[in-house]
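Here is a sequence with its predicted model. Questions after.
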Amino acid sequence: MKTAPQFFRHGPGPLARLFVFVLLSCLLITEDLRFKHFPQLRQTIGIIIFPLQKIAYFPVEIYDQVNELIANFNLLEENIRLKQRYLEDREQLLRLSALEAENRQLRQLLNAMQQIEASTQTKAVLAEILYTPRDPFNHKITLNKGSYHDIELGQAVIDDKGIVGQITQLYPWSSEVTLVTDKNQSVPVQVLRNSLRSVVSGSGKNDELEIRYLSINTDIQRDDLLVTSGIGGVYPAGIPVARVLRIERDPTNDFAQIISTPIAGVDRNRQVLILALPPKPIESTEMPQIESQTD
């Protein structure tokens, strides 16, 4: 009897194989539930194959670390670029803020110039501060306008708030201004509330002015606004100078000690206004005629 070749020989049928695998599965489940030998076997097998698993996952770990390193490097470059962009934008923002503040102060100076020219018929020239004193005992500033720009000695200097000082030194293209806080500087003022006249003098401090030689019974109060009185012909009348800060009345003294704080300040702006001096009166050169009397 002829037999079929080995590679054509058929094994058990599909139903037989299914029955064997189902039976084997039931046996394994029963053993795992009742005898519990397989968990120990699985742990043993896991311990044995753990180094193999680590070796198998090693290329994947290297790949992940390389990707993470590249991502961190890209993040570092992006962080540096964003930080540089932030610094550039911050610098531009600071410049813009400075320009806005300067523009706002220029508009305020323009309004002050228009008001002064309309009320006192006094011309004003815009000037820029070149140097400010670093010495706390030096109360002088330098402007970029001088005799070449028709600036004269004695002209008053103001900002958009009030009196800054007076021109005391003149150069061709610059001028020196003595601030009202200087000890040698005095401004004729009057109290806006009751028109009381006096003179405010510098104390040598940046934020203090003194009113001297007022009796202790003088009608002056804290927060009174002091404005120029116009006496002397240097400062136009009505420009704010200072505000009364404190008043000390000692019965043992004849005069009250009155301290005020200046309204204007060179530390708050870069531009100021130089006010023109009032026109000098024209003196007549004609000789007076004497009428002859006849006997």
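Looks like it came in fine.

Do you know the pLDDT at residue 255?
Note for residue 255: predicted pLDDT of 90.

doesn't residue 217 make contact with it?
No: between residue 255 and residue 217 there is no contact, the gap being 10.5 Å when judged by C-beta atoms under 8 Å. The way it works is simple: take the backbone N, C-alpha and C, and place the C-beta from them, glycine included.

Phi and psi next, for residue 246.
Per-residue torsions, residue 246: phi -150, psi 150 (degrees, to the nearest 10).

Who's the closest spatial neighbour of it, skipping the chain neighbours?
Spatial nearest neighbour of residue 246, excluding adjacent residues (C-beta to C-beta, 6 or more residues apart in numbering): residue 259 at 5.1 Å.

list the contacts for the one you found?
With contact set as C-beta atoms under 8 Å, 6 or more residues apart in numbering, residue 259 has these partners: 203, 208-210, 244-248.

Neighbour-wise, give me the winner out of the residues you listed.
Highest neighbour count within the contacts of residue 259: residue 209, with 27 neighbours (other C-beta atoms under 10 Å).

roughly how far apart are it and residue 198?
Applying C-beta to C-beta, to the nearest Å, the value for residue 209 to residue 198 is 11 Å.

what do you get for residue 16?
127 Å.

Equivalent analysis for residue 109, please.
From residue 109 to residue 198 the distance is 28 Å (C-beta to C-beta).

Which one's more surrounded, residue 255 and residue 217?
Using other C-beta under 10 Å as the criterion, residue 255 and residue 217 rank with residue 255 on top: 14 against 7.

residues in contact with that one?
Contacts of residue 255 by C-beta under 8 Å, 6+ apart are 212-216.

how about 6 Å then?
Shown in contact with residue 255 (C-beta atoms under 6 Å, 6 or more residues apart in numbering): residue 213.

In the stretch 151-295 of the chain, where is pLDDT below threshold?
Within the stretch 151-295 of the chain, the stretches falling below the threshold (pLDDT under 70) are 266, 279-295.

mind listing the strands for it?
156-158, 163-170, 175-179, 186-191, 197-202, 209-211, 225-228, 240-248, 257-262, 271-275 (DSSP state E, counting those that start in this stretch).

Make CSV out of the ones you listed and add distance to residue 119.
Converted to CSV, the strands of the stretch 151-295 of the chain look like this (distance: least, C-beta to C-beta, whole Å):
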stretch, distance to residue 119
strand 156-158, 13
strand 163-170, 15
strand 175-179, 23
strand 186-191, 16
strand 197-202, 20
strand 209-211, 24
strand 225-228, 12
strand 240-248, 13
strand 257-262, 21
strand 271-275, 12
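
per the record, what domains does this structure have?
15-121, 124-275 (automatic domain parsing).

what about the longest one, start to end distance?
Start-to-end span of domain 124-275 (C-alpha to C-alpha, to the nearest Å) is 4 Å.

now the helices for the chain?
14-30, 38-120 (DSSP state H).

relative orientation of the first one and helix 38-120 in degrees?
This points to helix 14-30. If you take axes from the mean of the first three to the mean of the last three C-alpha atoms, to 10 degrees, helix 14-30 sits at 80 degrees to helix 38-120.

packing partners for helix 14-30?
In terms of contacts (3 or more C-beta pairs under 6 Å, 6 or more residues apart in numbering; DSSP states H and E), helix 14-30 is not packed against any helix or strand.

Could you check how far that helix is from the centre of its chain?
85 Å (C-alpha atoms, centre = their mean, to the nearest Å).

swap in the last one?
Average the C-alpha atoms of helix 38-120, do the same for its chain, and the two points are 25 Å apart (C-alpha atoms, centre = their mean).
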